[in-house]
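In: Here is a sequence with its predicted model. Questions after.
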Amino acid sequence: MNDGNVLRRCAERNFNDLDTDGDGALTRNDYLALAERRCATAGVTVDSPIGRSVAEAYLSTWESHARSMDLDHDEHITKEEYVRSFESMVRSGTMSQVLAPMFRATFDLADRDGDGALAAEEFRTLWSRPGDDLAAAFQEADADGDGRITYEEYADVRRRLLVGEA
Ligand SMILES: [Ca+2]
Ligand SMILES: [Ca+2]
Ligand SMILES: [Ca+2]
């Protein structure tokens, strides 16, 4: 279903989302800024215990990304490096694994009452893409339609968004 062009377009879009400071390369700072932005959206500071665990998860994702994507080891991931490694992660099916710490921390951040699932109110704090219909997004993510989004449902929709299937 995904041809090479679709994957490349997705990879470029993801790269632009990740390049928080817009300097054309991914660095540790972008991942930290992303964690801060997530926390701000959820209304917590990055210095709080939950905020710190989000920052740690994002930075550990940076570490594993940097190891696998930074082909010339200069601590900058260029768009070309990102696109190539994104394609190979998707093809080898390792992407969800690499991103799991980030997905998990973001999910836990949103799960305010800690019951292990996201209600619509909790889900709202995550969905920052402007113009999206939240109710439709919730329904789409809630694969079994029980009105709660489990971590597995959340991770799956995040993965599908990244590869352009959702
Ligand atoms: Ca950057
Ligand atoms: Ca919850
Ligand atoms: Ca569900």
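Out: That came in fine, so what should we check first? Ligands and ions are numbered 1, 2, ... in the order given.
In: Residue numbers of this protein in contact with ligand 1?
Out: Within the chain, the residues that sit near ligand 1 (CB under 5 Å from the ion) are 19, 21, 23, 30. (Each C-beta comes from the backbone N, C-alpha and C, glycine too.)
In: Tell me which two of those sit farthest apart.
Out: When the residues of the chain next to ligand 1 are compared pair by pair using CB to CB, the two farthest from each other are 23 and 30, 8.5 Å apart.
In: what's the neighbour count on residue 48?
Out: Taking other CB atoms under 10 Å as the neighbour definition, residue 48 ends up with a count of 11.
In: Produce a PyMOL select command limited to the buried residues of the residues of the chain next to ligand 1.
Out: A single PyMOL command selects the buried members of the residues of the chain next to ligand 1 (16 or more other CB atoms under 10 Å):
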select buried, resi 19+30
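In: Of the residues of the chain next to ligand 1, which is the nearest to residue 98?
Out: Among these, and counting by CB to CB, the member closest to residue 98 is residue 30, at 16.0 Å.
In: Now do the SS call for that closest one.
Out: Assigned state for residue 30: helix (three-state reduction, DSSP: H, G, I helix; E, B strand; the rest coil).
In: Settle this for me: it is touching residue 19, isn't it.
Out: Yes - taking CB atoms under 8 Å as the contact criterion, residue 30 and residue 19 are neighbours in contact, 5.8 Å apart.
In: Output the residues of the chain next to ligand 1 as JSON lines; include the columns distance to ligand 2 and pLDDT.
Out: JSON lines is the format used below for these (distance: CB to the ion, whole Å; pLDDT from 0 to 100):
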{"residue": "19", "distance to ligand 2": "31", "pLDDT": "95"}
{"residue": "21", "distance to ligand 2": "32", "pLDDT": "94"}
{"residue": "23", "distance to ligand 2": "36", "pLDDT": "96"}
{"residue": "30", "distance to ligand 2": "29", "pLDDT": "95"}
